[in-house]
Structures are given as C-alpha cells and as structure tokens.
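K.L.:
Dropping a prediction and its sequence here:
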Amino acid sequence: MKHLTTKELESGLDQILGSPKDEGVLELISKTSRGRPARIAGRGHA
C-alpha cells in the first residue's frame with residue numbers, strides 16, 4: 001500500500017466529496033500517527 005502525502009490526499013478531496021453518498025462500498029478507513037501503528041476501524045454503520 002502506498003502512503004500518500006498530505007498534498008496528494010488533498011488533491012483527491014473533490015473526487016471523494018463528489019462520490020455518491022447513498023451507494024457504493026467503503027473499503028477501509030485507517031488513522032496513523034508518526035511512530036505509532038495504524039488504527040483500522042472494525043465496522044461502520046450505513
């Protein structure tokens with residue numbers, strides 16, 4: 001998995017915000033801080 005820079009992430013925000021809100025699949029949400037392992041959400045709600 002490629003880790004993106006803040007600039008790379010921000011450049012994709014328009015595409016994300018323009019995506020359908022009521023259909024599709026969200027594959028992964030993770031959060032990481034320097035020096036700490038990534039935290040991955042286990043389950044979400046529709």
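P.N.:
Looks like it came in fine. Numbers count the residues shown, from 1 in each chain.
K.L.:
mean confidence score for stretch 14-30?
P.N.:
Average pLDDT, stretch 14-30: 80.
K.L.:
What residues sit buried inside it?
P.N.:
When neighbours are counted by 16 or more other C-beta atoms under 10 Å, no buried residue of stretch 14-30 is found. For the C-beta atoms, the positions are set from N, CA and C on the backbone; glycine is no exception.
K.L.:
for it, the distance to its chain's centre please.
P.N.:
Distance of stretch 14-30 from the chain centroid (C-alpha atoms, centre = their mean, to the nearest Å) equals 9 Å.
K.L.:
Could I get the CA-only coordinates of it as CSV?
P.N.:
This file holds the C-alpha atoms of stretch 14-30, laid out as CSV (Å, rounded to 0.1, in the frame of the first residue of the first chain):
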residue,chain,number,x,y,z
ASP,A,14,-13.0,16.8,-4.8
GLN,A,15,-13.4,13.3,-6.1
ILE,A,16,-14.2,11.9,-2.7
LEU,A,17,-16.7,14.7,-1.9
GLY,A,18,-18.4,14.2,-5.3
SER,A,19,-18.9,10.5,-4.8
PRO,A,20,-22.4,9.0,-4.2
LYS,A,21,-23.5,9.3,-0.6
ASP,A,22,-26.1,6.5,-0.6
GLU,A,23,-24.4,3.7,-2.6
GLY,A,24,-21.1,2.0,-3.2
VAL,A,25,-18.6,0.3,-1.0
LEU,A,26,-16.2,1.9,1.6
GLU,A,27,-13.3,-0.4,1.7
LEU,A,28,-11.0,0.9,4.5
ILE,A,29,-10.7,3.7,7.0
SER,A,30,-7.4,4.0,8.9
